[in-house]
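Visitor: okay, predicted coordinates and the sequence, questions at the end:
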Amino acid sequence: MSAIAFPVYIPLGPWLLHPHAVFETLAYFVGFRLYLLLRRRGGDAVSDQTRWSVIAAAIAGAALGSKLLFWLEDPAQTWQHLWTDPVFLLSGKTIVGGLVGGLIGVELTKLALGVRESTGDLFAAPLALGAAIGRIGCFLTGLSDQTYGVATALPWGVDFGDGVTRHPTQLYEALFLGVLAVALLWLARKPHTNGDLFKLFMIGYLGFRLAIDFLKPEVRFGGLSSIQWAAAAVLVYYASRARTVTLWRRSSQAGSRP
């Protein structure tokens, strides 16, 4: 695939809008509207005060995590720009870093407030759908977004302007996230344990990133990029929690037997 001039600007009257800004704004808008719709339909498991405390912690953690992991993607480049172009360090962010940072912020806040209920199910589908929309903007931005894949001879490869036909990993991700969002909306209507939807979103998306990022020209440490290491760490975290819950339930059932 070629003959597309990247970035693909979005016409709006006399203006040409950058695709990244357009689709990122659209992602936030659509994701928030879907969250409000799901909340009206299904209610929430926590009080208003707790919910807004958790949301604030998620936003703060996501903002910090998305920047930190971006800086760790290529430490040498980060160090170079630290002295020559510090504005560059403020411009980039990563979805995985945002999710990991948000998760840490929420878990710490819940621990401080003594909240035991899962608070993430209403955010699962909105996050998936919003990220899918945002990745379309990444694709239309082209090389400067640095989310493209390695070279490929497959017929759907894309030349982003440097003469190299690459995997359109942004579109792979958008497609996966779109399917995941639909699956989460379908599962939300089925009987499920509170917290399962958010866990499914995190495990599904981070598992996908752990695999798909092998198709990206990333700086690697011990065979994995910093994003893959972060994704793997969260997957281990959820796996360990699942084992802990299973053992606790078994011991409780055994202790309650006559």
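Guide: Thanks, I have the structure now.
Visitor: and the closest residue in space to S118 that isn't next to it in sequence, how far is that from L108?
Guide: Nearest residue to S118 in three dimensions, chain neighbours excluded: G195, at 2.9 Å (C-beta to C-beta, 6 or more residues apart in numbering). Backbone N, C-alpha and C define where each C-beta goes, glycine included. Distance of G195 to L108, given as C-beta to C-beta, to the nearest Å: 17 Å.
Visitor: between those two, who's got more neighbours?
Guide: For G195 versus L108, neighbours defined as other C-beta atoms under 10 Å are more numerous around G195 (15 against 12).
Visitor: state the distance from the more buried one to K216.
Guide: G195 is 31 Å from K216, by C-beta to C-beta.
Visitor: wouldn't the residue nearest to S118 be in contact with F123 here?
Guide: No: contact criterion C-beta atoms under 8 Å: G195 and F123 do not qualify, at 11.5 Å.
Visitor: OK, contacts around the residue nearest to S118?
Guide: 117-118, 120-121 (C-beta atoms under 8 Å, 6 or more residues apart in numbering).
Visitor: can we see that at 10 Å?
Guide: 45, 117-121, 124 (C-beta atoms under 10 Å, 6 or more residues apart in numbering).
Visitor: just the buried subset of these, written out for ChimeraX, thanks.
Guide: In ChimeraX, this line selects whichever of the contacts of G195 come out buried by 16 or more other C-beta atoms under 10 Å:
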select :118,119,120,121,124
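Visitor: could I get the contacts of G195 in TSV, plus columns for distance to T141?
Guide: Below are the contacts of G195 laid out as TSV (distance: C-beta to C-beta, whole Å):
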residue	distance to T141
A45	38
E117	39
S118	35
T119	33
G120	29
D121	32
A124	26
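Visitor: among the contacts of G195, which two are most distant?
Guide: E117 and A124 (15.0 Å; C-beta to C-beta).
Visitor: torsion angles phi and psi at D162?
Guide: phi -110, psi 10 (degrees, to the nearest 10).
Visitor: same thing with G149?
Guide: Per degrees, to the nearest 10, the backbone of G149 is at phi -100, psi -180.
Visitor: surely it touches T169?
Guide: Yes: judged on C-beta atoms under 10 Å, G149 makes contact with T169 at a distance of 3.9 Å.
Visitor: so which of the contacts of G195 comes closest to L175?
Guide: A124 (17.8 Å).
Visitor: for that closest one, give me its contacts.
Guide: So A124 contacts 35, 38, 180-181, 183-185, 187-188, 195-202, 204-205 (C-beta under 10 Å, 6+ apart).
Visitor: quick one: it and F208, what's the gap?
Guide: In terms of C-beta to C-beta, A124 sits 14 Å off from F208.
Visitor: pLDDT (mean, whole number) over stretch 237-250?
Guide: Across stretch 237-250, the average pLDDT comes to 63.
Visitor: let me fix that, I meant to ask about stretch 169-183.
Guide: 98.
Visitor: would you list every one of the strands in this protein?
Guide: 10-12, 15-17, 158-159, 165-166, 220-221, 224-225 (DSSP state E).
Visitor: which one of the contacts of G195 is nearest R241?
Guide: Nearest member of the contacts of G195 to R241, counting by C-beta to C-beta, is S118, at 11.2 Å.
Visitor: of the contacts of A124, buried ones?
Guide: 35, 38, 180-181, 183-185, 187-188, 196-202, 204-205.
Visitor: wait, doesn't G92 sit right on G98?
Guide: No: using C-beta under 10 Å, G92 makes no contact with G98, being 11.7 Å away.
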